[in-house]
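Asks: With the sequence up front, the predicted model follows.
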Amino acid sequence: MITITVDKKFCKGCNLCIANCPKDVLAVSTERGSAGFLVPAATKPEACNRCQLCEVICPDFAIVVEGDREK
Amino acid sequence: MITITVDKKFCKGCNLCIANCPKDVLAVSTERGSAGFLVPAATKPEACNRCQLCEVICPDFAIVVEGDREK
Amino acid sequence: MHPIAEKYLRRSALPQFFCQGCGDGTIITALMRAVDDLGIIDDVAFASGIGCCAWIPVFVNADVLHTMHGRAIPIATALKLTNPKRKVMVFAGDGDCVGIGGNHLIHAARRNVDITVVMVNNAIYGMTGGQTAPTTPHHAVTKTTPIGNAEFPFDACELAKAAGASYVARWTTAHPRQITTAFKEAINHKGFAFVEILSQCPTQSGRLIYGSSDPVEAFNQVKNMAVGKAKAEKMSPEELAGKVVIGRLHQEEGRAELTDEVYALMSASREGLSAETKLASN
Amino acid sequence: MHPIAEKYLRRSALPQFFCQGCGDGTIITALMRAVDDLGIIDDVAFASGIGCCAWIPVFVNADVLHTMHGRAIPIATALKLTNPKRKVMVFAGDGDCVGIGGNHLIHAARRNVDITVVMVNNAIYGMTGGQTAPTTPHHAVTKTTPIGNAEFPFDACELAKAAGASYVARWTTAHPRQITTAFKEAINHKGFAFVEILSQCPTQSGRLIYGSSDPVEAFNQVKNMAVGKAKAEKMSPEELAGKVVIGRLHQEEGRAELTDEVYALMSASREGLSAETKLASN
Amino acid sequence: MEEVLVIQGNEACVRGAIAAGCSFFAGYPITPASEVAELMAEMLPGHGGIYMQMEDEIASFCAVIGAAWGGVKACTGTSGPGFSLMQEGIGYAVCTETPCVIIDVQRGGPSTGMPTSPAQQDIYQAKYGSHGDYEVIAYAPSSAQEAFDLTVKAFNVAEKYRVPVFVMSDEIVGHTREKVRIPENLEVRERQKPATPPDRYLPFRPGPDGLRLDGMPAFNQGYKLLVEGQLHDESGNRAGTVPEVSARLTRRLCDKILKHDGDLLDVEGRLLEDAEVVVVAYGSAVRPSMQAVRQARAAGIRAGLLKMRIVWPFPDGVIAEIATQADRILVPEMNVGKMVREVERAAHGRAEVIAVPKLGGVLHTPAEILAAIEGGYVRASHS
Amino acid sequence: MEEVLVIQGNEACVRGAIAAGCSFFAGYPITPASEVAELMAEMLPGHGGIYMQMEDEIASFCAVIGAAWGGVKACTGTSGPGFSLMQEGIGYAVCTETPCVIIDVQRGGPSTGMPTSPAQQDIYQAKYGSHGDYEVIAYAPSSAQEAFDLTVKAFNVAEKYRVPVFVMSDEIVGHTREKVRIPENLEVRERQKPATPPDRYLPFRPGPDGLRLDGMPAFNQGYKLLVEGQLHDESGNRAGTVPEVSARLTRRLCDKILKHDGDLLDVEGRLLEDAEVVVVAYGSAVRPSMQAVRQARAAGIRAGLLKMRIVWPFPDGVIAEIATQADRILVPEMNVGKMVREVERAAHGRAEVIAVPKLGGVLHTPAEILAAIEGGYVRASHS
Amino acid sequence: MRSEMRIAGFGGQGVILSGLILSVAAGIHEGKEVAQTQSYGPESRGGACRAEVVISDEEIDYIKPMDPDVLVAMSQPALDRYINEVDRKRAAVLVDSSLVASIPSGIAHLYALPLTDIAEFRLGKKIVANMVMLGALSAITALVSYEALVGAVKGTVPKKTVELNLAALKEGFQEGAKLVAGGPTN
Amino acid sequence: MRSEMRIAGFGGQGVILSGLILSVAAGIHEGKEVAQTQSYGPESRGGACRAEVVISDEEIDYIKPMDPDVLVAMSQPALDRYINEVDRKRAAVLVDSSLVASIPSGIAHLYALPLTDIAEFRLGKKIVANMVMLGALSAITALVSYEALVGAVKGTVPKKTVELNLAALKEGFQEGAKLVAGGPTN
Ligand SMILES: Cc1ncc(C[n+]2csc(CCOP(=O)(O)OP(=O)(O)O)c2C)c(N)n1
Ligand SMILES: Cc1ncc(C[n+]2csc(CCOP(=O)(O)OP(=O)(O)O)c2C)c(N)n1
Ligand code: SF4
Ligand code: SF4
Ligand code: SF4
Ligand code: SF4
Ligand code: SF4
Ligand code: SF4
Ligand SMILES: [Mg+2]
Ligand SMILES: [Mg+2]
């Protein structure tokens, strides 16, 4: 199983992870992070291919993808 | 007739005119200019072709070639 | 926080204060991955000038000189010379690197000193609030070109190459993995390495030049500008207008390098010492 | 004194104090001939920095700013901008131009501002007594490289071109007539023009680098280094080693130029004035 | 008609410059002076002027020099690090008697220091930052209104004395938005062509007072000028190895400022008549000082204020006079205590001179200065 | 064994630097300091040191900073125009407490000024040339011997106080060839590693005196240093917007110099015991001054000399004492009158303080100073 | 009469622009003397940032608040820091409850409004939270009139955004008025 | 005993090198205190240039000549300028007669030698005129011995040129000795 965690202390709600996710796993939520921005949430975690593009693109080290892709 | 004049007040005896003259018109003299250098003299003025290379190369505006080349 | 950040960030300097969606943050991650892959955190020495980009290494828990606007390169040169085993990296904004610091860049390139200069090009002076940079497109609007830029931008890669850089590459923040690779290549390259990264600055160039401070829009602007080297070679000048060629643009291996030369002369000198000079006996 | 010197020299500055056989004197003559041919003595404005070469325009009876080491180019840029009809020329030694002043050179080139920069390259710091320059050959001996230069020289013409210069030429003092022609071409060229002249400095580079302070030997050194552009194109890299290519190396006509752009924006601004800004009424 | 605006000091400087006839600005962005450049970029072209952003502050000031000899009134604006970089050029402008104006919006140093906070730490740098012997003129505005007024004056005296003139603003004055009243008729000194015709003109020959030059010629007006950064004779030809000529020029460059026409004494006394405690202040430190002086008067203390609008040349005479009358002189400054040294020197031991430094990039509070007036001064909180 | 050489002051500086452990020099040629670079280039490599000629003085001083953090003792040498260009970097070195030495071989200014003639015009620039509040240490040698001795000391105090230290030489000291005796055993302060281990080390936390830092760590020794030009806390992290932290650092940077260990008072009195007229001099002006004092004594005048070997921090206390004893204090300087202002300030009106300026790039003659001692001083010939 | 306001938050919230608008409103539209100062960090976004406005009928000597009449806190750190520099009994305190979670006790005149939420969700642009704030402020205190603010906004913000800004101002004014009708929040 | 010498000419004549050699000769080889100062223009060649040497048995306070014992003039302008700063009755004056055409009157101890001609024509290198001068000087005055000069030259000039320089020194010494034998020139 894949867990996608957004660190609300660091996320600035830039949505780059959302825009770069090839599988549309992520979407904006209505929750505010510490900096007052709306943070993303994994709305389709099952679609995630663990490409980690969201991780390498995130400017705020705020998203972590863990676990293995289901076979 | 061609007259070749070296201005002893300005000549620094660098010999560039001598070295660049295609017709070996000029040579070092034993006379000192104002700056204490030995100035050149036109030893073969008759060979001069008035190419003015000596004039354009002279760093000290010190040599003047006047008159026409004998036909 | 991401594990790589846990491992490499300087805790006391956090939070990282770049604007929402600023490409500089992405570059920090790419850098940490390169440092991690090479296992060089204890051997690396960073120097940077002033500007948003100049803060990139400050957030990394390594030895860092955060210096003066434009002046990181000569400082980095001395860091290399005083210990040739150091891996020396400079992070410089476009203004820092080819604006005020342009002379240091070309001289370091000329010397082919074994350091890596990373220039983050956001086409603007970000930190001071969006004034025109020597990389700002002709006719672009910025805070100091309110009706358009009368000047023309540098091609920094061409400049570095003409000055003598022996490794030159260009990528964008839409290529985070390639940035990591380029960093590793540049660090391993013996000689002066120059890496330009086109980066989005939503707050300033996004807002002023490209008309939107939305991070995703700014990011896409940068992304869409890039054309791979191979592809570019097949394109006409008209097709290339407004585009920027990315990839490893130039590499010359085996060129004599400054540090080597300096130490070689030092050895030669030391051998001849007794004969030639006489110094106070202490 | 030669009639052209009588006509154009600044009497109060004489005698010209260059060393015996210094190429800088030859360049003064070449310059006077260019100014004479174009009839522009009243329209020309000179700026120079510090160094032997920087004295070249001082001896000419025209408007001259003899300024600071490396700083003539930004001054010249302002002279041009404040009166676009001026013909602005800068004379800079190699140290002045691509040493301390390198950043100004590349930025003026980038701006393609319509001025002419003449760099007299004697491969050394002449005025200060023969220290290494960014144009000094690798391994050459100078006052500050007593057992050889650890650094590598710039190709200043390549640098100027990569930075954006739209006219680039190189000659030597053995080509006084070509220098005059190049000056005229550069002045007439609309845009940033760069002319490099290899020149003998018998006293410093002659003595230190080439082993003789004899003016004729130093002159021949420079002369023999030069290879015409056409010929060079047919030579192998090995044959070209130690040689320098001369000729008109680059010219791009019709490129947008800074002064034009600045004045165009000014007009645009003035038209929009009443609507956009409100200034104190006086 | 008088125009009333609510603007920042930085904008007031720009409007003052343009009102004074400035038509060339070259600069490089730096906090907290960037608005000067930005507003120049916005306003100058519409007034037929030129804005240039150069590659650095060195080039910016060089461009100002070029523009001045090109024939126009020119200025730049910067802050600490940029001001440091301009120092070599400032010496050249002094030596060549190039009229120009430099707006230094001071922030805290040293180095990058406190890039967004105010300070008054560059006040000596204005006088001593370049190598060599010289004198300059430096204004220190304490409000947006003065930022306007003194910038106009700066341009005027630059023309008159042929010298770089500094407007030593600071982050507070630069960024505080206040009312500025722009008078209908401003006294503006136009650039004057030499009275002597080109063929008899010696560009560096002083006029009848032996100090100031005859007008300011420009390039390509037929003068065939030689503008030389080496010490030179009256024709402009170098004379750095001729002791008499060199000494004469150095002396004149200093004396033309020190022995000014009276117009370079620009101080304002408030409640000084019977003052026993005098606060000497300049720039934004004037504001809490005046508040404190009023509070002190309200509390029955004979306090007064001397505001220095021009800090260089230093008003030695005025200070000497005050020292004779007052018991104590307080000098509140947003620095470790700089101008207080001049006050101490000029007071010649006749009054007690007390530094009231304030560090950390914050303005003194009136309470801190009041405490010092009351004699209870122990180092202010962040000092 | 003591070695005796006949060398120029410039060479003495180089030998002093190398003897003090300097192993990195970065510079840029300039008259009259070029010999410093040339001799460094000749001698350093043979001693395992590095000579770099950089693209300008800005880069030169930056390289010195880089070398210092790279782990070695480093210096540069320059003159007026180059010194002006280094000012921004000097502020950075002060702010980051980077130990380094700058040899300024003074020539006449302003600008290109008198490029081959001596002057003492940069003495205030050493203290005030960069923006911001700070203190430095400046030596002023008056002979080739002192050029050697004081350069050694400069390196030592740079290490101890972690500050840029200036050797304010001048064209006369730099180019005069004199006998220099190089002692067998020199006191050299080696660079000290921090006593605190890396994991507990705060690079900018002062030691027990609350002023000086704990050693000087280098890059790549495990400290993970952050060297920051913004005002910072003890870990090195920026704190330019935190007034308390900023103020504390500024104060400490100044106080560590002003409240020194006693070793930064370096003056030498000659014939002072009963002196009624005291000549206060530094640098090459000491030489004619001492000659004049001897001549005055021979003529029965109670004259004495105070030679300042360290000019910054200024010896306020010593001057105050002299002012109490002497009637007149003369300050001969090769400038318009600079240090005399400090003397005047410190004298507090207790003695008559008289400037004896000398311009034009020539040393005072003993006769000129004697005339001033005799009270007959009217401006010296080229002043 | 001298009145003093402090608005604090972080970079990117338009704190300084709100100070500017207040000063133009009071200075130009209401003919008062004004002094608007500010404090900010070197970062463009996210750092601590504040604007202060002094309004007076007479010449203003000291330009900073000595005893603020109004504190606006647009972030938690801003509130935590500046609440200690006001007289909790006397000063009106307006907080952005979208971003401020914990409110210290003892504030007599506390007004809490979700300024950012209002801007982001009702007006569609988070960056007009400052206008919402100004509108609310004019409803809550009488220091600057709504009309003067409208005038100042029109003369200050880029033409294209006037409408949005005025809408936000209005929204804020209405929300503020509601609050006032209901009395301070606590 | 304090003695003072001034050597003046123009750049390129080796004036300063001759000062250096004198100071090493006196300081190292004769164990005296020395101070050698100089003055020169910014040009590498051709400008006015002078070197001054003070030699003393005691510590030297003032390092410049106050009343020179010797003046060497290697050019006309040098002679014209500096003759007025010596006591014509007392000082020994050596002039390079190859370059100096007119000699002011009243010089009691005048020695004229064609230094440059000797160097250029007899030794084949104009630049050793300074060595010819030094040799002559040691013959004419007793201020520095010939042996000390030989020692100083050996330790100072580049190895390749020692021989030429010593030859010039010797030539100068012999010419000087002849002059002395014949008494001063005037
Ligand atoms: C000497 C000097 N001049 C100006 C500044 C102000 N300044 C700080 S950062 C900067 C430019 C930033 O632009 P860039 O280098 O492109 O970096 P970015 O912020 O865009 O990443 C400037 C001009 C300074 N700190 N020092
Ligand atoms: C800021 C500054 N640094 C150094 C110098 C000293 N200086 C004068 S000329 C010169 C270099 C001359 O070399 P180049 O420019 O090549 O001219 P050249 O004399 O060879 O013609 C230097 C370093 C100076 N005048 N100003
Ligand atoms: S990219 Fe990172 S900072 Fe941006 S929204 Fe996603 S998690 Fe948040
Ligand atoms: S790992 Fe890849 S697929 Fe999964 S959320 Fe991130 S970007 Fe999307
Ligand atoms: S080239 Fe000129 S200076 Fe040289 S020798 Fe000939 S005439 Fe004389
Ligand atoms: S004109 Fe030509 S041929 Fe005649 S002397 Fe000159 S160089 Fe020789
Ligand atoms: S201003 Fe631009 S470059 Fe700087 S942090 Fe913000 S987005 Fe990034
Ligand atoms: S030093 Fe060289 S460049 Fe300078 S005048 Fe002499 S020969 Fe010419
Ligand atoms: Mg940028
Ligand atoms: Mg050169």
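Replies: Received it, and whenever you're ready, just let me know what you need. Ligands and ions are numbered 1, 2, ... in the order given.

Asks: Name the residue of chain A that lies nearest to ligand 10.
Replies: residue A:59 (47.3 Å; CB to the ion). All C-beta spots, glycine's among them, are computed from the backbone N, C-alpha and C.

Asks: Quick check, that residue in contact with residue A:14.
Replies: Yes: applying CB atoms under 8 Å, one finds residue A:59 in contact with residue A:14, separated by 6.6 Å.

Asks: Touching, residue C:154 and residue C:136? I think so.
Replies: No: with contacts counted by CB under 8 Å, residue C:154 stays clear of residue C:136, the gap being 9.9 Å.

Asks: If you count surrounding residues, which of these two has more?
Replies: Taking other CB atoms under 10 Å in any protein chain shown, residue C:154 and residue C:136 do not tie; residue C:136 has more neighbours (29 against 26).

Asks: Report the contact partners of that one.
Replies: Residues in contact with residue C:136 (CB atoms under 8 Å, 6 or more residues apart in numbering or on different chains) are C:123, C:124, C:142, C:145, C:149, C:151, C:153, C:205, C:209.

Asks: distance of residue E:116 from ligand 2?
Replies: In this view, residue E:116 and ligand 2 are 31 Å apart by CB to the nearest ligand atom, to the nearest Å.

Asks: Enumerate the residues of chain E near chain G.
Replies: Taking CB under 8 Å from any CB of the partner chain as the measure of proximity, chain E contacts chain G at E:4-6, E:31, E:115-117, E:172, E:175-179, E:284, E:287-288, E:290-291, E:294, E:363, E:365-366.

Asks: Ok, the stretch 101-250 of chain C next?
Replies: So the stretch 101-250 of chain C meets chain G at C:126, C:127, C:129, C:203, C:204 (CB under 8 Å from any CB).

Asks: Output these in TSV; the columns should cover neighbour count.
Replies: As requested, those are exported to TSV (neighbours: other CB atoms under 10 Å in any protein chain shown):
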residue	neighbour count
C:126	28
C:127	24
C:129	19
C:203	27
C:204	27
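
Asks: Tell me which two in the residues you listed are the farthest apart.
Replies: Using CB to CB, the two most remote members of those are C:127 and C:203, lying 10.0 Å apart.

Asks: Look up the closest residue to residue E:71, ignoring the ones flanking it.
Replies: residue E:218 (3.3 Å; CB to CB, 6 or more residues apart in numbering or on different chains).

Asks: my guess is the one you found contacts residue E:73, does it?
Replies: No: at 11.2 Å, residue E:218 does not count as touching residue E:73 under the criterion of CB under 8 Å.

Asks: More neighbours: these two, which one.
Replies: residue E:73 (27 against 20).

Asks: and the helix or strand in which residue C:160 is found, does that touch chain D?
Replies: Secondary structure assignment for residue C:160, by DSSP states H and E: helix C:156-163. Yes: legend: contact between helix C:156-163 and chain D by CB under 8 Å from any CB is shown at C:158, C:159, C:161, C:162, C:163.

Asks: Spatially central residue in chain C, please.
Replies: residue C:118 (1.4 Å; CA atoms, centre = their mean).

Asks: Could I get the phi/psi values of that residue?
Replies: phi -100, psi 120 (degrees, to the nearest 10).

Asks: Which residue, neighbours along the chain excluded, lies closest to residue A:36?
Replies: residue G:99 (4.7 Å).

Asks: Surely the one you found is in contact with residue G:118?
Replies: No: using CB under 8 Å, residue G:99 makes no contact with residue G:118, being 11.9 Å away.

Asks: Show me the shaky parts of chain G.
Replies: G:44, G:184-186 (pLDDT under 70).

Asks: With ligand 7 as the reference, measure out to the most centrally placed residue in chain E.
Replies: The centroid of chain E falls nearest to residue E:138 when counting by CA atoms, centre = their mean (2.2 Å). For residue E:138, the distance to ligand 7 equals 33 Å [CB to the nearest ligand atom].

Asks: Sheet partners, orientation included, of the strand or helix carrying that residue?
Replies: Assigned by DSSP H and E, residue E:138 belongs to strand E:137-139. Note on strand E:137-139: by DSSP bridges, its sheet partners are strand E:164-170 (parallel), strand E:310-312 (antiparallel).

Asks: who touches residue G:7 in this structure?
Replies: G:15, G:18, G:19, G:50, G:51, G:52, G:53, G:71, G:72, G:74, G:133.

Asks: Let me know the secondary structure of the fifth one.
Replies: Pointing back at residue G:51 there. Of the three states, residue G:51 takes strand under DSSP: H, G, I helix; E, B strand; the rest coil.

Asks: just the helices in the stretch 101-250 of chain C please.
Replies: Per DSSP state H, counting those that start in this stretch, the stretch 101-250 of chain C carries helices over the ranges C:102-111, C:156-163, C:176-188, C:215-225, C:229-233, C:237-240.

Asks: Looking at the ones you listed, which is nearest to ligand 2?
Replies: helix C:102-111 (12.8 Å; CB to the nearest ligand atom).

Asks: Can I get the closest one in CSV, CA atoms only?
Replies: Extracted C-alpha coordinates of helix C:102-111, given in CSV (Å, rounded to 0.1, in the frame of the first residue of the first chain):
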residue,chain,number,x,y,z
GLY,C,102,29.6,38.7,-14.3
ASN,C,103,33.3,39.4,-14.2
HIS,C,104,34.0,36.8,-11.5
LEU,C,105,32.1,34.3,-13.5
ILE,C,106,34.1,34.8,-16.7
HIS,C,107,37.4,34.9,-14.9
ALA,C,108,36.7,31.7,-13.0
ALA,C,109,35.7,30.1,-16.3
ARG,C,110,38.9,31.4,-17.9
ARG,C,111,40.9,29.9,-15.1
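
Asks: No more questions from me, cheers.
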